[in-house]
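Colleague: Build the 3D model from these lines:
(2 chains)
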Amino acid sequence: MYRDCAPFNVVLIDYCVPPSSGVEIDHCAPLQTHGTALAMAIREINPSQGMIIAALDYRNAGEVERPRELMHIPLLIDIGNFQLRSLLEKIEVDRAIEALTSSELRRLQQFADLRVWWLGRTARGKTGEDLLHEALLRTLIGAEDTQKGRHWNKDVDFVMHLTGAMRSISSCWKRQFEAAVQRKETEAYLIPALPIHDAEGQEHSPLDNVASGHITSGGLWGTDAAADERLIEKDEEDRVLTIFKDDPEAAQVLQGLLDGLKKNETMPRYGLGEKQYAAAVKRIRVKLLGRKNGGSRGEKHGR
Amino acid sequence: MADKRNHDERLERLMNQLADSVLRLSDEAILAETREVGADLEQEAERTRLVLRQASKALDNVNKRLSNLGHAINSNDWRRGQQGYHNNCLNCGSSVSFTTATSEMQGEALDGLCLESDQYTIRRREASRK
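Modeller: Presented below is the predicted three-dimensional model:
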């Protein structure tokens, strides 16, 4: 029947399925094997088929014996606890991850890196990969609001959904950091912060100019309140513009973007053509991401 | 304070436009840009896919562990805390949490079988044995 009627999004298999129609299930049998045999047969036909095994006669998944090859297949133990919906959603999300093209994945990573770049030190050491990880997790948790999760509306493209999630999560991280600063939490001043660049392009720690700071015994940065404020309000805009001091077109486009100008407003203002504008945007993006990544993004993660 | 807000808004505007420009890039442009920085598109893409898979796996591991112990949780009830996500078993109320960075699990729900699971229902399997 599976072969005749496929494809299926998900196949739900009763663990205690009878061997054939008209034959009653032997609930006293020490081991139920027909459901798992069916799952194995389907797996043979289509190894990527999404499946759920319903074992509603059991108290917990630990009691449900199954072959090693089927251990990755989710079990439905209780129909009443939202379990089925979350299992189905997880299968959909996992499938969407596998269907992402290389270009889409690259776009997602660059989007994440740019959002974290924007966060600067308010990211508290988190990376673009952390942001992407968090966006996916909240999608899987799939609750109603951004504090708990982000349900994926299947009418929305998966890439757009994840970028929307990353936008809101990164904004939330920034607000949390600012709230921590308001509460004068020491953790908000943990050392890692993006380096700043002077007019000669030399890198410096943003902490270099904070006169009254000190490192506590716990490795934390302790400052007085006035120094804290100076540190937080450090002008990142100048930092960005300094990076492009030798590239006038990029600096002009950057100024336009900072001023909130659209492309067709920036181009006549600075006398730029379409190609010059696009090339400048690309240089800005590549340079900012290059500086942020430092060419060794993968080394930052033990995952 | 107003200056700071204005400054934040300008930077956010810049970053939004740059991030959106990435989404508008054609596949060819993405490929060319990736090559230009000396990276391999396929390798980069697979690394990103791995990040997504790992996030999915992290939640999978918690759910499987809880399911093996008979705990039932509402997946919509995960609450974001400072260190990770927290939830409680719907049957016994015991708590569980996991961190997103390391996928480390904690909580009394992981200490043993759910003592309240199936308290009010008699399973067919057991009933048929009687």
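
Colleague: number of nearby residues for B:Gln17?
Modeller: By other CB atoms under 10 Å in any protein chain shown, the residues close to B:Gln17 number 20. The way it works is simple: take the backbone N, C-alpha and C, and place the C-beta from them, glycine included.

Colleague: One more: the one 3 residues further on?
Modeller: By the other CB under 10 Å criterion, the neighbourhood of B:Asp20 contains 12 residues.

Colleague: next one: A:Ile79
Modeller: Using other CB under 10 Å, A:Ile79 is surrounded by 10 other residues.

Colleague: Got phi/psi on the closest residue in space to it that isn't next to it in sequence?
Modeller: For A:Ile79, ignoring the flanking residues on the chain, the nearest one in space by CB to CB, 6 or more residues apart in numbering or on different chains is A:Leu56 at 6.2 Å. Main-chain torsions, A:Leu56, degrees, to the nearest 10: phi -70, psi -10.

Colleague: any idea how far the top helix by length along chain B is from the chain center?
Modeller: Criterion DSSP state H: the longest helix present in chain B is helix B:41-68. The chain centre lies 9 Å from the centre of helix B:41-68; the measure is CA atoms, centre = their mean, to the nearest Å.

Colleague: what's the answer for stretch A:50-57, then?
Modeller: 29 Å.

Colleague: who's in contact with that stretch?
Modeller: For stretch A:50-57, contacts defined as CB atoms under 8 Å, 6 or more residues apart in numbering or on different chains pick out A:8-16, A:27, A:35-36, A:39, A:42-43, A:61, A:64, A:66, A:70, A:73-79, A:84, A:87-88, A:91, A:94-95, B:123-125.

Colleague: Selection in PyMOL covering whichever of the residues you listed are buried, please.
Modeller: To isolate in PyMOL the members of the contacts of stretch A:50-57 that are buried, counting by 16 or more other CB atoms under 10 Å in any protein chain shown, one can use:
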select buried, (chain A and resi 11+13+14+15+16+35+36+39+42+43+61+64+66+70+73+74+75+76+77+78+84+87+88+91+94) or (chain B and resi 125)
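
Colleague: Setting the sequence-adjacent residues aside, check what's closest to the residue most central in space within chain B.
Modeller: Most central in chain B under CA atoms, centre = their mean is B:Ala55, positioned 5.0 Å from the mean C-alpha point. Spatial nearest neighbour of B:Ala55, chain neighbours left out: A:Leu136 (4.0 Å); criterion: CB to CB, 6+ apart.

Colleague: How about A:Tyr270?
Modeller: Closest to A:Tyr270 by CB to CB, 6+ apart is A:Gln252, at 4.1 Å.

Colleague: surely that neighbour meets A:Met267?
Modeller: No - applying CB atoms under 8 Å, one finds A:Gln252 not in contact with A:Met267, separated by 9.7 Å.

Colleague: Where do the domain boundaries of chain B fall?
Modeller: B:1-39, B:42-130 (automatic domain parsing).

Colleague: so which of those gets nearest A:Leu132?
Modeller: Across the domains of chain B, A:Leu132 has its closest neighbour in domain B:42-130 (5.3 Å, CB to CB).

Colleague: that older thread, quick check: which of the domains of chain B is buried the most?
Modeller: domain B:42-130 (a mean of 17; mean count of other CB atoms under 10 Å in any protein chain shown).

Colleague: Can you give me every residue that contacts A:Ile284?
Modeller: So, once contact is read as CB under 8 Å, 6+ apart, A:Ile284 ends up touching A:Phe244, A:Ala250, A:Val253, A:Leu254, A:Leu257, B:Leu18.

Colleague: Looking at those residues, spot the one nearest A:Lys126.
Modeller: B:Leu18 (18.7 Å).

Colleague: quick check, the closest one in a strand?
Modeller: No - secondary structure of B:Leu18 (DSSP: H, G, I helix; E, B strand; the rest coil): helix, not part of a strand.

Colleague: Thought A:Leu288 was touching it, still the case?
Modeller: Yes - with contact defined as CB under 8 Å, B:Leu18 counts as touching A:Leu288 (7.2 Å).

Colleague: who touches both of the two?
Modeller: Shared contacts of B:Leu18 and A:Leu288, counting by CB under 8 Å, 6+ apart, come down to A:Leu114.

Colleague: Any stretches of chain A with poor pLDDT?
Modeller: The model of chain A has pLDDT under 70 over residues A:19-32, A:80-82, A:142-149, A:184-235, A:291-303.

Colleague: Name the single longest helix found in it.
Modeller: Across chain A, the longest stretch assigned as helix under DSSP H is helix A:158-182.

Colleague: picking that back up, the residue nearest to the centre of chain B and A:Glu129, how far apart?
Modeller: B:Ala55 sits 10 Å away from A:Glu129, taking CB to CB, to the nearest Å as the criterion.

Colleague: So which elements touch the longest helix of chain A?
Modeller: helix A:102-119, helix A:128-141, helix B:2-24 (3 or more CB pairs under 8 Å, 6 or more residues apart in numbering or on different chains; DSSP states H and E).

Colleague: try 6 Å this time
Modeller: On a contact count with 3 or more CB pairs under 6 Å, 6 or more residues apart in numbering or on different chains; DSSP states H and E, helix A:158-182 meets helix A:102-119, helix A:128-141.

Colleague: relative to helix A:158-182, how tilted is the shortest one?
Modeller: Between the axis of helix A:128-141 and that of helix A:158-182 there is an angle of 110 degrees, by axes from the mean of the first three to the mean of the last three CA atoms, to 10 degrees.

Colleague: which residues sit against helix A:128-141?
Modeller: A:90, A:93, A:112-113, A:116, A:149-150, A:152, A:162, A:165-166, A:169, B:51-52, B:55, B:59, B:78, B:100 (CB atoms under 6 Å, 6 or more residues apart in numbering or on different chains).
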